[in-house]
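> Here is a sequence together with a model predicted from it:
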Amino acid sequence: MENNNFDNFFVEKLYGSNWNQMLKISKVLFESKSEFQDILIFENPIFGKVLALDNVLQTTENDEFIYHEMLTHVPILSHGKVKKVLIIGGADGGVLREVLLHKEVEKATMIEIDGIALNACKKYMPKLSNGAFSDPRSDVIVADGIDYVKNTNEKFDVIIVDSTDPIGPGIVLFTEEFYSYSKKALNPGGIIVTQNGVPFAQGKELIDTYNTRKKLFKDNRFYIAPVFGYIGGFMALGWATDSSEHFNVSIETLKKANLDLSKMKYYTPGVHKASFALPMYIQNKLK
Ligand code: AG3
């Protein structure tokens, strides 16, 4: 039988020993332990280059477009007048790359806690950032995201939280404290979006986020995208804003937006609108 030797496999440990996924490692490109987490970059025949932090798959060359396009274009195009974007996390540069596709964006500030992960992604997964780190509109700072939103006097139109799951260094990015500092750092009508895990397996994360943000923002919801490497079906992306208009952006407005749709591999104006329609198993968790 082929592949009955599991020595050269990455075993994801997101759900303890209850549910693991395994990816064949064709080649290890980078392995290190930073002050914050274990970092592994390897190659897999199906996913291409894969980034794992603390044994959890974070992004892969071949399916990253789904997550990065949806986390970026949905808030920016719903808002319609975005000049300043703050990215929290996102070491691989995929969100930064998508943000910079918007010509109206004057400045994209990215706050990543782990300089070692950032440099490893730049060097070993350059396709992800695709030059975004050297764009004159990018301001990339190695710092703690919660400290940054707490202390900054700058205001942003959109904040994109491209974090790990609420384990390890990512925990603080799921707290009421973090969301309230983020709210302070938003311009009126600004939108914050977050990654909220796979509802089928991480329902608590979804419910906790919803309940926490209800205290702070008028419009709280989730939208979904299936990201193949995040095993368990749809991934939930969280949306919070005080403006009720953004969610109602029309498909006609989205179609007229100044984003080159020929560069998209997942996002379309139709997918954008449809992504807010939640399957019943997800709606039931939010009741
Ligand atoms: N951002 C999200 C990783 C989530 C993994 N969790 C999961 N499978 N539930 C990673 C960084 C991508 N730029």
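That came through fine. Computed from a predicted structure; not experimentally measured.

> Residue 223: what secondary structure?
Put simply, residue 223 is strand when judged by DSSP: H, G, I helix; E, B strand; the rest coil.

> Burial check on it, number of neighbours?
26 (other Cβ atoms under 10 Å). For glycine as for every other residue, the C-beta is placed from the backbone atoms N, C-alpha and C.

> Can you read off the pLDDT for the closest residue to it other than its chain neighbours?
Here the nearest residue to residue 223 in space, its sequence neighbours aside, is residue 275; by Cβ to Cβ, 6 or more residues apart in numbering that works out to 4.0 Å. Looking at residue 275, its pLDDT is 98.

> again, but for residue 13
At residue 13, the pLDDT recorded in the model is 89.

> doesn't residue 77 make contact with residue 157?
No: using Cβ atoms under 8 Å, residue 157 is not in contact with residue 77; the gap is 11.9 Å.

> Count residues in the vicinity of residue 216, would you?
If we define neighbours as other Cβ under 10 Å, then residue 216 has 15 of them.

> what does residue 63 give?
21.

> Next, the contact list for it, please.
Residue 63 is in contact with 47, 227-229, counting by Cβ atoms under 8 Å, 6 or more residues apart in numbering.

> Quick check: phi and psi at it.
In terms of degrees, to the nearest 10, the main-chain angles of residue 63 are phi -120, psi 0.

> who's in contact with stretch 142-155?
By Cβ under 8 Å, 6+ apart, the list of residues contacting stretch 142-155 from outside reads 84, 86, 88-89, 109, 111-115, 118, 141, 159, 161, 163, 172-173, 175, 177-178, 181-182, 184-187, 190.

> redo that, cut-off 6 Å
88, 111-113, 115, 172-173, 178, 181-182, 185, 187 (Cβ atoms under 6 Å, 6 or more residues apart in numbering).

> PyMOL command for the buried members of those?
Of those, the buried ones go into a single PyMOL selection, burial set by 16 or more other Cβ atoms under 10 Å:
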select buried, resi 88+111+112+113+115+173+178+181+182+185+187
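
> And the furthest pair within the contacts of stretch 142-155?
Maximum pairwise distance among the contacts of stretch 142-155 (Cβ to Cβ): 28.9 Å, between 115 and 187.

> so how far is residue 63 from the residue nearest to residue 223?
Using Cβ to Cβ, to the nearest Å, one obtains 16 Å as the distance from residue 275 to residue 63.

> got it, and residue 78?
Noted for residue 78: a distance of 23 Å to residue 63, by Cβ to Cβ.

> do residue 128 as well
12 Å.

> Repeat that for residue 135.
24 Å.

> again with residue 249
26 Å.

> most centrally placed residue in this protein?
residue 162 (3.3 Å; Cα atoms, centre = their mean).

> wait, what's in contact with residue 269?
By Cβ under 6 Å, 6+ apart, the neighbours of residue 269 are 251, 254-255.

> Apart from its neighbours in sequence, what residue is nearest it?
Using Cβ to Cβ, 6+ apart and skipping the chain neighbours, the partner closest in space to residue 269 is residue 254 (3.6 Å).

> show me what contacts the one you found?
Residue 254 sits next to 77, 269, 272 when contact means Cβ under 6 Å, 6+ apart.

> cool, and residue 99?
Counting by Cβ under 6 Å, 6+ apart, residue 99 touches 72, 85, 105, 108.

> Quick check: next helix or strand after the helix or strand hosting the last one?
Using DSSP states H and E, residue 108 falls within strand 107-112. Towards the C-terminus, the helix or strand next in line after strand 107-112, according to DSSP H and E, is helix 115-124.

> Relative to residue 33, how far out is the residue in the stretch 151-287 of the chain that the ligand sits nearest to?
Proximity of the stretch 151-287 of the chain to the ligand (Cβ to the nearest ligand atom) peaks at residue 230, 3.4 Å away. Residue 230 sits 23 Å away from residue 33, taking Cβ to Cβ as the criterion.

> The two - which one has more neighbours?
residue 230 (27 against 11).

> Neighbours of the closest residue to that one other than its chain neighbours, how many?
Distances taken as Cβ to Cβ, 6+ apart put residue 198 closest to residue 230, at 5.5 Å, once the chain neighbours are dropped. Residue 198: 23 surrounding residues under other Cβ under 10 Å.
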